[in-house]
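In: based on what follows, work out the 3D shape:
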Amino acid sequence: ITLYELENFQGKRCELTEELPNITEKEMEKVGSIQVESGPWLGFERQAYAGEQFVLEKGDYPRWDSWSNSHSSDSLMSIRPLQIDSADHKIHLFENVGYTGRKMEIVDDDVPSLWAHGFQDRVASVKALNGT
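Out: Numbering: from 1, shown residues only. Here you go, the predicted structure:
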């Protein structure tokens, strides 16, 4: 993956093959555009893989709104490759923050509607127990 400090693949650039918890370690103030040669990668709005996350698949991302639908943030401050580690997947969704409230387990299945499982339109915390 190649990160550029300015939009449209201009300015300082940084090529990565492994995770980067803080883009300022590479003497970049921000990420303005991205080219992904192979992926997927996960980008995060804050350092240390925190905040909103963005899945970046192979392709070009000429400006921040090409990888984010966020209206509250235009930053990407940490990034790491997404490891596909297992064909078996298991995840727990929780109604409240801190892994509390109603819990829903998903095992090797898509869930097109949370409503069908008694959840509202959002999940407050998630534990990935197996898989990616």
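In: residue 45 falls within a helix, correct?
Out: No - checked against DSSP: H, G, I helix; E, B strand; the rest coil, residue 45 lies outside a helix; its state is strand.
In: contact partners for it?
Out: With contacts defined as Cβ atoms under 8 Å, 6 or more residues apart in numbering, residue 45 is in contact with 51-54, 68, 70, 73, 75-77. In short, each C-beta sits where N, CA and C put it, glycine included.
In: before we move on, what about residue 67?
Out: By Cβ under 8 Å, 6+ apart, the neighbours of residue 67 are 34, 43, 54, 56, 61, 76.
In: and residue 124, how far from residue 61?
Out: Taking Cβ to Cβ, to the nearest Å as the measure, residue 124 falls 28 Å from residue 61.
In: of those two, give the one with the bigger neighbour count.
Out: Neighbour count, other Cβ atoms under 10 Å: between residue 124 and residue 61, residue 61 has more, with 25 against 15.
In: which ones among the contacts of residue 45 are found in strands?
Out: 51-54 (DSSP state E).
In: how about those in CSV, adding pLDDT?
Out: Compiled in CSV, those are given as follows (pLDDT from 0 to 100):
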residue, pLDDT
51, 86
52, 86
53, 87
54, 88
